[in-house]
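Enquirer: One predicted model, sequence on top.
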Amino acid sequence: MRAFVYGEARDVAPAEFPDYLDPATTAVISIDMHRGHLDDSPDCPCPAPRAREIVDGIDRFHDAARARGVRVVHVKSVLRPDGADDLGGIPAAWRRTFPLHVGPIPNAAGHALEGSPWTEWVTRVEPQDLRVENKRRLSAFYPTDLDFLLRNQRITTVVLNGGFTDCCVLNTAFDANNHNYRVIVLRDLTRGTDPKLEQAALAMVSLHLGLVVESGDLLTQWGAPPAR
């Protein structure tokens with residue numbers, strides 16, 4: 001099996017990672033693939049334009065995961081309409097620090113507000129999928145019920161896709177590891193602020209948190225879908 005360790009492709013024996021590669025105890029966690037990041041509009045409140053290129057790939061991977069009986073969980077940021085979770089209280093740190101790099105974000109105040117179009121999914125969500133729709137900060141685990149949901153489904157391994165690699169994906173990977181889940185991050189189906197930070201985040205994951213692999217290699221390890 002090919003994995004990426006500190007950015008370098010390495011051959012890793014699957015027998016060394018059996019607890020990472022069992023589809024029966026695995027869930028795919030897709031992070032923040034909604035219009036608030038992906039809309040091609042000047043009003044997009046927190047644009048992640050690099051992640052638009054992975055929407056179709058994520059949909060295809062999710063189809064392949066479902067066919068193998070792997071559960072798919074879609075997580076997105078949603079804040080109370082009055083902003084009590086954020087600007088109406090103690091604002092999230094990124095609102096003050098990220099503009100130091102990218103400049104002013106014109107509609108940032110509208111990001112993730114409940115009932116707004118910015119919380120609509122861009123990737124496809126199927127009826128059998130699970131959803132977590134109350135992510136308030138950077139980790140998919142905080143302050144959501146994701147951990148309860150995964151444990152109730154007897155999940156021990158999480159496979160992460162979505163964005164930002166260096167922000168919400170990385171924070172979720174740290175939290176998943178701290179909750180004692182086995183962590184896999186899909187190198188080809190995550191996107192970061194820029195390639196440099198994306199590579200740095202994946203390198204940190206590979207050294208401290210779990211496996212960094214490409215989606216096709218993981219599907220090969222899961223095996224072919226059962227015959228119908």
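Expert: Yep, it's here.

Enquirer: the strands in the chain, which residues?
Expert: 2-5, 8-11, 26-31, 71-77, 130-135, 157-163, 182-191, 210-213 (DSSP state E).

Enquirer: Buried residues, stretch 18-30. List them.
Expert: By neighbour count with 16 or more other Cβ atoms under 10 Å, stretch 18-30 contains the buried residues Tyr20, Leu21, Pro23, Thr25, Thr26, Ala27, Val28, Ile29, Ser30. Heads up, the C-betas are built off the backbone N, CA and C, glycines and all.

Enquirer: What's the end-to-end length of it?
Expert: Stretch 18-30 has an end-to-end distance of 22 Å (Cα to Cα, to the nearest Å).

Enquirer: And the contacts of it?
Expert: Identification of contacts with stretch 18-30 by Cβ atoms under 8 Å, 6 or more residues apart in numbering yields 1, 14, 58, 61-62, 65, 68-75, 123, 130, 140, 146, 150, 153-162, 172, 176, 182, 184, 210-211, 218, 221-223.

Enquirer: Name the pair among the buried residues of stretch 18-30 with the greatest separation in space.
Expert: Largest separation among the buried residues of stretch 18-30 by Cβ to Cβ: Leu21 and Ser30, giving 19.3 Å.

Enquirer: just to revisit the earlier point, same list as before, the buried residues of stretch 18-30 that is, but in JSON lines and with distance to Gly110 and pLDDT included.
Expert: Output for these, formatted as JSON lines (distance: Cβ to Cβ, whole Å; pLDDT from 0 to 100):
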{"residue": "Tyr20", "distance to Gly110": "39", "pLDDT": "98"}
{"residue": "Leu21", "distance to Gly110": "41", "pLDDT": "98"}
{"residue": "Pro23", "distance to Gly110": "38", "pLDDT": "97"}
{"residue": "Thr25", "distance to Gly110": "39", "pLDDT": "98"}
{"residue": "Thr26", "distance to Gly110": "35", "pLDDT": "98"}
{"residue": "Ala27", "distance to Gly110": "30", "pLDDT": "98"}
{"residue": "Val28", "distance to Gly110": "29", "pLDDT": "99"}
{"residue": "Ile29", "distance to Gly110": "25", "pLDDT": "99"}
{"residue": "Ser30", "distance to Gly110": "22", "pLDDT": "98"}
